[in-house]
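Fold the following and give me the result.
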Amino acid sequence: MSALAPITAPTAARIALVGNPNAGKTTLFNALTGLRAKTANFPGTTVEHQVGRARAGALELEVIDLPGLYDLGGTGLDERVTREALLGEGAHRTRPDLAVVVLDATNLPRTLCLASAVLELGVPTIVALNRMDRARNAGIAIDVAALRRELGVEVVPIAARSGEGLPELRAALARALGASEAPAPTACGGCRGCGHAQRFDWAEAIAERVARTPAELGQGSDRLDRVLTHPLSGLLFFALVMTGLFYSIFAWAEAPMAWVEDGVATLQGALAPILAGWAADATWLARAAIFSGTALLALVSLQLADAWSARTRRLVAAAAGLVCAALPSGDLAAVAIEGVLGGVGSVLVFLPQICLLFFLLSLLEDSGYLARAAFVMDRYLSRVGLPGKAFVPMLSAHACAIPAILSARVIENRRDRLATIFVLPLLTCSARLPVYAMIAALLFPADPLQAALLFTGAYALGLLAALLTAFLLRLGVLPGRTEPLLIELPAYKLPSLKNAGLIVLERAKQFLGKAGGVILLLSLGLWAATTYPRLDLATAPAEGRAALVDLEARAAAASDEGVRAELEAQRAAVESRLQVAGSLAGRVGGAIQPLFAPLGFDTEMTVGVLASFAAREVLVSTLAILYGAGEDAAEDALSLRETLDRQVRPDGRPVFDLPTALALLVFFVLAMQCLPTQVVTRRETGTVVWAVGQWVWMTALAWSAGAATHLLVTALIAG
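Got it, this is the predicted structure:
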């Protein structure tokens, strides 16, 4: 992601939020800025930060949420870019007008260490003493005036989650920024140039003078930690939590998914007669030019991703869809119905599940539990040769492998970093979720528990494959010792629903941006590849023609409306498959299909695998187009699951039987079906060798595991 230009006026005051991880810094940022925020990288780095707008009295503020860290004296990338940002050095042209150091009132000694490092820089500073509500509830009494004297800066007690003290903080910001020059610190505790140990001694001494803490504080958390961080009980609890999370996704997202699905079907049904009634008077040359221009427009929006904002890219993608919908009837009208709405709509139906997943994960993180999970998993990471710092990129990879690979730069050791980058794409990312959800809906349409177990198994398989791959890498290609994990276990607390909602909105925008760009472009191209050359029944296989005649005769003779509708749907499906088989995509897929025959894949699934190399989630829209491109498909209200469920092979067996569905799941858990990830791997490793090796290993592993799954499940069913 490119550096983000300031989003406020040039005269806006710049304030930087600095604080430890889990000190409530991001909660304060969200409270100050609300939804008016963007994610960016610091210039020349991959360290992300948030930039947002806020007001303090009459002043317009640009608020920068710097990375959470414990000290400014380290050699890590986070420490370096934060120090440069505060001092206006390096790629940062100007330093912020004011630094806001966020302290945790429930753990003053820890957070005061970073405060001393910031104060030592001489940057104009205000201290936001956060979580005062929790400190009071825990019986911690803090003399704010005494702390103000010790630090020599303004100290404002707040509770960012509830909004307590925020008006006072805004007023303090306005006073400091309204002065001719913001006041610099007048004290830094006599710890200038100290090491971390001396800073902690200084911080403990100040905390003892300004705060009174009950002796029994933290005993309850310690007892709970003994269970949640135990090698056995901690791992079992983590497995139960993840299974419950996936069960909730299926049980709670069913109704919203149905709403989206019905909305897409209704829109298709409403547009079909309108577009069908328009005169088809465009020449083939004009049609080809308009179609190519539309596809090119979407492609340009993707190529300029670094220069254009996400909103601009989505507008361009939406404009491409509108151009398609405004075209005459026939082929070009079908672009809007089958290509745009059919392709993109089939992916949007899984948006509720993705939003719910990130909502629940954010609640777990905010509660303090995920840090315990990291501690538990570190035992297993170190045994396979992954560094402790790899857990954070691995956790990020469950959203997307690309930022996870970029975040691996915090791992200083090159061998550790290469091993981490190599295995990150094996972990389940959000792009795989629509595929998992589609397969789970096919196998367990009415059983959320079994669907949740399938999801858990997919996540576990990806994790086990990553650990096995790391072990093999460190055993041969990348030998050496790994660095241990140093992590703070934050206090347990009730998670913030507001923060979780903000995270969900951000993830939803990212998903919709991809659906409006990448999936739209590929859906248009795939529609053309599956539509041309047009089906000629005279040259179609005799078996297919006979099936069409038989179904048409049976439908005409049927007296029951339901039976007639089902037979007509079967006829449309057969005609659709004949069209695909004779199209450009079908011919390419048919040539490659024998390679995937051991996995049970037919031609359509093979085409889906090829098309989804650019983006995994494209498989869903690809199958929706390949299996539902009949003439009546636009008005067919059957869901994607029902459409796929009724597909049969020439011998009458279901296409998506249990062995094939599980083989498809295993393949997509392990396969490298993401071209952008390959590009990032090449850039971060500095050589194409690691990117090619990553693709070869993951593809071979996915094919082998998928074929073994199909063979084993088939044998179990037969036996």
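
Can you classify A16 by secondary structure?
strand (DSSP: H, G, I helix; E, B strand; the rest coil).

surely it meets L86?
Yes - between A16 and L86 a contact is recorded at 6.4 Å, counting by Cβ atoms under 8 Å. Any C-beta I mention is one placed from the backbone N, CA and C, and that applies to glycine too.

overlap in contacts of these two?
Here A16 and L86 share the contacting residues L66, P96, A99, scored by Cβ atoms under 8 Å, 6 or more residues apart in numbering.

For those residues, give me a markdown table that also has secondary structure and neighbour count.
Shown next, in a markdown table, are the shared contacts of A16 and L86 (DSSP: H, G, I helix; E, B strand; the rest coil; neighbours: other Cβ atoms under 10 Å):
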| residue | secondary structure | neighbour count |
| --- | --- | --- |
| L66 | coil | 24 |
| P96 | coil | 24 |
| A99 | strand | 27 |
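
wait, which of these is closest to L468?
For the shared contacts of A16 and L86, the residue nearest L468 by Cβ to Cβ is L66; the value is 37.1 Å.

wait, what's in contact with that closest one?
Contact analysis of L66 by Cβ under 8 Å, 6+ apart lists A16, L17, V18, H49, T82, A85, L86.

so where's the stretch 151-300 of the chain shaky on pLDDT?
For the stretch 151-300 of the chain, the stretches flagged by pLDDT under 70 are 179-197, 215-220, 246, 249-250, 253-254, 257-258, 260-300.

Which parts of it are strands?
Counting by DSSP state E, counting those that start in this stretch, the stretch 151-300 of the chain has strands at residues 154-157, 211-212.

ok, now the chain?
Counting by DSSP state E, the chain has these strands, from start to end: 13-19, 37-41, 48-56, 59-65, 98-104, 125-130, 141-142, 154-157, 211-212.

Could you identify which of the ones you listed has the lowest mean pLDDT?
Among the strands of the chain, strand 37-41 carries the lowest mean pLDDT, a mean of 45.

Show me the domain layout of the protein.
Here the domain parsing of the chain from automatic domain parsing is 13-216, 226-250+352-501.

From what I see, L502 and T27 are in contact.
No - with contacts counted by Cβ under 8 Å, L502 stays clear of T27, the gap being 9.8 Å.

returning to what we had before: okay, the domains of the chain in JSON lines with distance to A556 next?
Converted to JSON lines, the domains of the chain look like this (distance: least, Cβ to Cβ, whole Å):
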{"stretch": "domain 13-216", "distance to A556": "57"}
{"stretch": "domain 226-250+352-501", "distance to A556": "31"}
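
Mind checking those domains for the one nearest to L595?
L595 lies closest to domain 226-250+352-501 among the domains of the chain, at 19.7 Å (Cβ to Cβ).

what about that closest one, how long is it end to end?
The first and last residues of domain 226-250+352-501 sit 31 Å apart, counting by Cα to Cα, to the nearest Å.

Compute the number of surrounding residues for the closest residue to T420 other than its chain neighbours.
Nearest residue to T420, sequence neighbours excluded (Cβ to Cβ, 6 or more residues apart in numbering): A390, at 4.4 Å. Close neighbours of A390, defined as other Cβ atoms under 10 Å, add up to 31.

So A390 sits against L381, correct?
Yes - A390 sits in contact with L381 when judged by Cβ under 8 Å, with a separation of 6.0 Å.

What separation is there between the nearest residue to I439 once chain neighbours are set aside and L442?
In this structure, I439 finds its nearest non-sequential neighbour in L665, 4.9 Å apart by Cβ to Cβ, 6+ apart. According to Cβ to Cβ, to the nearest Å, L665 stands 10 Å off from L442.

Looking at those two now, which is surrounded by more residues?
Ranked by neighbour count (other Cβ under 10 Å), L665 and L442 place L665 first, with 25 against 21.

Tell me who's in contact with the more buried one.
Counting by Cβ under 8 Å, 6+ apart, L665 touches V435, Y436, I439, L454, A458.

Which residue ranges of the stretch 451-600 of the chain form helices?
Ranges of helices in the stretch 451-600 of the chain, per DSSP state H, counting those that start in this stretch, are 497-516, 518-531, 542-557, 561-582, 584-596.

Just grab the bridge partners of the spatially closest residue to I64 that is not a sequence neighbour for me.
The shortest distance from I64 to any non-neighbouring residue, by Cβ to Cβ, 6+ apart, is to A16 (4.7 Å). A16 has the following beta-bridge partners by DSSP bridges: I64, A99.

Which residues are in contact with A16?
V63, I64, L66, A85, L86, P96, L98, A99, V100 are the contacts of A16 under Cβ under 8 Å, 6+ apart.

Of those, which pair is most distant in space?
Counting by Cβ to Cβ, the most remote pair of the contacts of A16 is V63 and L86, 14.3 Å apart.

The two: which has the busier surroundings?
V63 (26 against 23).

one step back: right, and out of the contacts of L66, which lies closest to P352?
The nearest one, if we look at those relative to P352 and count by Cβ to Cβ, is H49, at 29.6 Å.

about what we covered before: can I get the helices of the stretch 451-600 of the chain in CSV including mean pLDDT?
Below are the helices of the stretch 451-600 of the chain laid out as CSV (pLDDT from 0 to 100):
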stretch, mean pLDDT
helix 497-516, 72
helix 518-531, 66
helix 542-557, 79
helix 561-582, 75
helix 584-596, 84
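
Could you pull up the contacting residues of the nearest residue to G165 once chain neighbours are set aside?
Nearest residue to G165, sequence neighbours excluded (Cβ to Cβ, 6+ apart): I158, at 3.3 Å. Neighbour list for I158: L28, A128, L129, N130, M132, E164, G165, L166, E168, L169 [criterion: Cβ under 8 Å, 6+ apart].

which among the residues you listed gets closest to A56?
Closest to A56, out of all of the contacts of I158 and judged by Cβ to Cβ, is L169, at 8.3 Å.

Let me know how buried that closest one is, in neighbour terms.
Neighbour number of L169 under other Cβ under 10 Å is 24.

ok, the closest residue to it other than its chain neighbours - how many residues close by?
Nearest residue to L169, sequence neighbours excluded (Cβ to Cβ, 6+ apart): V156, at 4.7 Å. Applying other Cβ under 10 Å, we find 22 residues neighbouring V156.
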